[in-house]
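Asks: sequence unknown, structure follows:
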């Protein structure tokens with residue numbers, strides 16, 4: 001069973017930066033795509049960014065130009081670099097992965113890491 005473990009969440013001031021990590025229990029090369037989602041308190045979970053195994057990345061409009069997703073296959077880890085953080089970025093951030101591209105759902109989820117941005 002694949003496990004995804006997020007880390008790096010913290011309390012940070014507005015304008016600051018954080019780097020989140022998503023460590024997989026096995027090779028991330030098996031995944032077609034890995035994504036970062038977030039869920040603010042009392043709101044729906046939303047897709048923040050995802051990266052396909054050929055290296056193509058997608059970003060939500062709300063984070064374009066501020067967040068960057070990347071992979072390190074040697075460490076089996078996917079990162080989310082978050083710069084110029086805003087209070088509205090406050091949420092629990094989740095990592096998700098899917099093994100093929102022909103499905104809408106994600107096969108694996110992590111338990112999340114809390115990011116809090118103070119104004």
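Replies: Now that the structure is in, tell me what you want to look at. Fair warning: this is a prediction, and the values are worked out from it, not measured in the lab.

Asks: now the strands: where do they sit in this protein?
Replies: Taking DSSP state E as the test, the strands found in the chain are 4-7, 11-13, 18-24, 33-39, 46-52, 57-59, 67-72, 77-82, 91-98, 108-109, 113-118.

Asks: and the residue most central in space within the chain, how far is that from residue 63?
Replies: Per C-alpha atoms, centre = their mean, the C-alpha nearest to the average position across the chain is that of residue 36, at 2.4 Å. Going from residue 36 to residue 63 by C-beta to C-beta, to the nearest Å gives 9 Å. All C-beta spots, glycine's among them, are computed from the backbone N, C-alpha and C.

Asks: Counting neighbours, what do you get for residue 75?
Replies: 12 (other C-beta atoms under 10 Å).

Asks: Quick check on it: phi, psi?
Replies: Backbone torsions of residue 75, given as degrees, to the nearest 10, read phi -100, psi 0.

Asks: which residues touch the nearest residue to it once chain neighbours are set aside?
Replies: In space, and not counting its chain neighbours, residue 75 is closest to residue 23: 7.5 Å by C-beta to C-beta, 6 or more residues apart in numbering. Going by C-beta atoms under 8 Å, 6 or more residues apart in numbering, residue 23 touches 4-5, 7, 75-77.

Asks: try residue 3
Replies: Residues near residue 3 by C-beta under 8 Å, 6+ apart: 24-25, 108, 110.

Asks: any idea which of those is closest to residue 91?
Replies: Closest approach between the contacts of residue 3 and residue 91, by C-beta to C-beta: residue 110, at 13.9 Å.
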